[in-house]
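K.L.:
Sequence and predicted structure, then a few things I'm wondering about:
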Amino acid sequence: MTDSVRIAGVEVTRLRAMAAREAKRYAAARPKTRAALDAGAGAYLGDVPMHWMRDWPMPFPMLVKRAEGARLTDVDGFRIDDFCLGDTGSMFGHSPAPVARAIRRQARRGLTYMLPTETALEAGALLNRRFGPYRWQIATTATDANRFALRVARAVTGRPKVLVFNGCYHGTVDDTMIELRDGHTHARQGLVGQVEDLSLVAEAVEFNDLSAVEAALAKGDIAAILTEPVMTNSCMVLPQAGFHDGLRTLSRRYGALLIIDETHTISSGLGGYSRVHSLSPDIFVAGKCVAGGMPTAVWGMTDEVAARFAEYDAHRPSGHSGMGTTLSANPMQFACLKANLAEVMTPEAYAHMEKGAERLSAGLRRVIEAHRAPWHVVRVGARVEFICAPGPLTNGAEAAAAHQPELEAAIHTALLNRGSLIAPFHNMMLVSPVTRKRQIDRLIAAFDEILTELF
């Protein structure tokens, strides 16, 4: 490579010099973290308790000592403004006070016993108030909720396939681990231990392409369309005008269910993107932050789908349904769910989040424009991303091509060294109800400092 080579407008030599310096700065500042990892990480496969903890761009993981509000403190004593917020799991802030109180109360009453409680009934009413009238079930993760929703869709339609969008994210549901290559559906490259032909149970088309959606549905073997309202967990892609109306119309025309996964887009506003934009899914899914950080997911079906499933269920052979896990719908989940829905996920909270996210997105745009970087910023409610490519993006293929891993990794580490943490897998930032203006302004100032050097 020569000095003239650029990545997203940035000279490679300049980028790599900054990346090396920032990595060295991070490592030198954290001797306690390094010593603790050397002493204790060997018990874990790959030295971390979950493999994606290696995907942070720093030379070695940061060990968190405490999290409170919108701030982390690591074992070396650094206080970090947290805009990752557990990749949405702590979107309402770390340990919201009503949720923390609910945990303490329920801990004295038992953690799990495979029976409902009065609190569970109260939480059900709150779910309907927040998200709309559905017949609810509780899972531990949105992956499980999506998996169970697909079983219902296949049961009531008698069809084998799910239609998803190229580059989609729905947790680790096997059926969604597909991609388009040369116009055909294939299992995603890199899947561990994959042996089944996923094209037998799933089909992928590009987001925002209603003609491709109709062509897939017309084959008659699609049980459900499973989609996020906005493509996330990549470079964020917004729906074009009329796309969601088209999905609803086409799904009804061809007899497929429409499943909306709001696990990330719950940032969009009170009730999620579906409530804010008047979408009408047959099955609604949300997870991560819905119970304030306690591992919980919810999935609900309309009365019509519930009636169809009840008819199916009444006539199926007895035996395991393939849905449900022992610790799901435990009383601790309901205690947290009730507290979060009633006292944390409020109109006032979302108003604060929206205002702060607009401040953040406007600040990032100003910096990008000032440095004439060929980048853009996208916001969905409290969720903000800067993308190191021109925009807007229209589908998953464009989102994949817009990723600049080397550049993004350097920026992430440089931001952390300046006191701001953003999501590790892409350039996502969340504003919580407890995020303060000065935290937002510090992030914008750090971003400006970094781009000043890069450009």
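P.N.:
Alright, I've got the coordinates.
K.L.:
Please go through this protein and pick out the longest helix.
P.N.:
helix 347-370 (DSSP state H).
K.L.:
and that one, what's its mean pLDDT?
P.N.:
Across helix 347-370, pLDDT averages out at 98.
K.L.:
That helix: what's the following helix or strand?
P.N.:
The element immediately downstream of helix 347-370 (helix or strand, assigned by DSSP states H and E) is strand 376-380.
K.L.:
Can you name every helix or strand that that following strand contacts?
P.N.:
helix 347-370, strand 383-387 (3 or more Cβ pairs under 8 Å, 6 or more residues apart in numbering; DSSP states H and E). Just so you know, the C-beta spots here come from the backbone N, C-alpha and C atoms, and that holds for glycine as well.
K.L.:
Quick check: the residue nearest the centre of the chain vs residue 423, distance?
P.N.:
Note on the chain: the residue nearest the mean C-alpha position is residue 264, at 3.8 Å, using Cα atoms, centre = their mean. In this structure, residue 264 and residue 423 are 10 Å apart, going by Cβ to Cβ, to the nearest Å.
K.L.:
do the same with residue 13
P.N.:
Residue 13 is 27 Å from residue 423, where distance means Cβ to Cβ.
K.L.:
quick one, which of those two is more surrounded?
P.N.:
Set residue 13 next to residue 423 and count neighbours by other Cβ atoms under 10 Å: residue 423 wins out with 20 against 14.
K.L.:
Tell me where the stretch 101-250 of the chain is predicted with low confidence.
P.N.:
Within the stretch 101-250 of the chain, no stretch has pLDDT under 70.
K.L.:
Run through the strands of it in chain order.
P.N.:
135-139, 161-165, 178-181, 184-187, 202-205, 222-227 (DSSP state E, counting those that start in this stretch).
K.L.:
same thing with the stretch 251-400 of the chain?
P.N.:
According to DSSP E, counting those that start in this stretch, the strands that the stretch 251-400 of the chain contains are 257-261, 283-286, 297-301, 376-380, 383-387.
K.L.:
Buried ones in the helix or strand containing residue 99, by neighbour count?
P.N.:
Taking DSSP H and E as the criterion, residue 99 maps to helix 97-107. By 16 or more other Cβ atoms under 10 Å, the buried positions in helix 97-107 come out as 98, 99, 102, 103, 106.
K.L.:
could the residues you listed go into a markdown table alongside distance to residue 133?
P.N.:
As requested, the buried residues of helix 97-107 are exported to a markdown table (distance: Cβ to Cβ, whole Å):
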| residue | distance to residue 133 |
| --- | --- |
| 98 | 25 |
| 99 | 25 |
| 102 | 25 |
| 103 | 29 |
| 106 | 27 |
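K.L.:
coming back round to it: for the residue nearest to the centre of the chain, which non-adjacent residue is spatially closest?
P.N.:
Excluding the flanking residues, the one nearest residue 264 by Cβ to Cβ, 6 or more residues apart in numbering is residue 232, at 4.1 Å.
K.L.:
For burial, what's the neighbour tally of the closest residue to residue 126 other than its chain neighbours?
P.N.:
By the measure of Cβ to Cβ, 6+ apart, the closest residue to residue 126 outside its immediate chain neighbours is residue 341, 4.0 Å from it. By other Cβ under 10 Å, the residues close to residue 341 number 23.
K.L.:
didn't residue 341 look like it was pressed against residue 128?
P.N.:
No: the pair residue 341 / residue 128 is not scored as a contact, 10.1 Å apart, by Cβ atoms under 8 Å.
K.L.:
quick revisit: list the contacts of the residue nearest to residue 264.
P.N.:
169, 264, 265, 383, 428 (Cβ atoms under 8 Å, 6 or more residues apart in numbering).
K.L.:
go on, residue 290?
P.N.:
Residues in contact with residue 290 (Cβ under 8 Å, 6+ apart) are 266, 296, 297, 298, 337, 340, 341.
K.L.:
Using neighbour counts, trim the residues you listed to the buried set.
P.N.:
Applying 16+ other Cβ under 10 Å to those flags 266, 296, 297, 298, 337, 340, 341 as buried.
K.L.:
Which member of those residues is positioned nearest residue 23?
P.N.:
residue 266 (33.9 Å; Cβ to Cβ).
K.L.:
do you know how far that closest one is from residue 333?
P.N.:
Residue 266 is 17 Å from residue 333, by Cβ to Cβ.
K.L.:
go on, residue 357?
P.N.:
From residue 357 across to residue 333, the span is 28 Å (Cβ to Cβ).
K.L.:
again, but for residue 179
P.N.:
Per Cβ to Cβ, residue 179 is found 33 Å from residue 333.
K.L.:
Compare these two (neighbour count), which wins?
P.N.:
Each of residue 179 and residue 333 has its neighbours counted (other Cβ under 10 Å); residue 333 has more, 27 against 19.
K.L.:
Spatially nearest residue to residue 340 (excluding sequence neighbours)?
P.N.:
Of all residues not flanking residue 340 in the chain, residue 292 sits nearest, at 3.8 Å (Cβ to Cβ, 6+ apart).
K.L.:
just residue 177 next, same as before
P.N.:
The shortest distance from residue 177 to any non-neighbouring residue, by Cβ to Cβ, 6+ apart, is to residue 188 (4.9 Å).
K.L.:
what's the burial count for the one you found?
P.N.:
Neighbour count of residue 188, defined by other Cβ under 10 Å: 14.
K.L.:
so it touches residue 179, yeah?
P.N.:
Yes: using Cβ under 8 Å, residue 188 is in contact with residue 179, at 5.0 Å.
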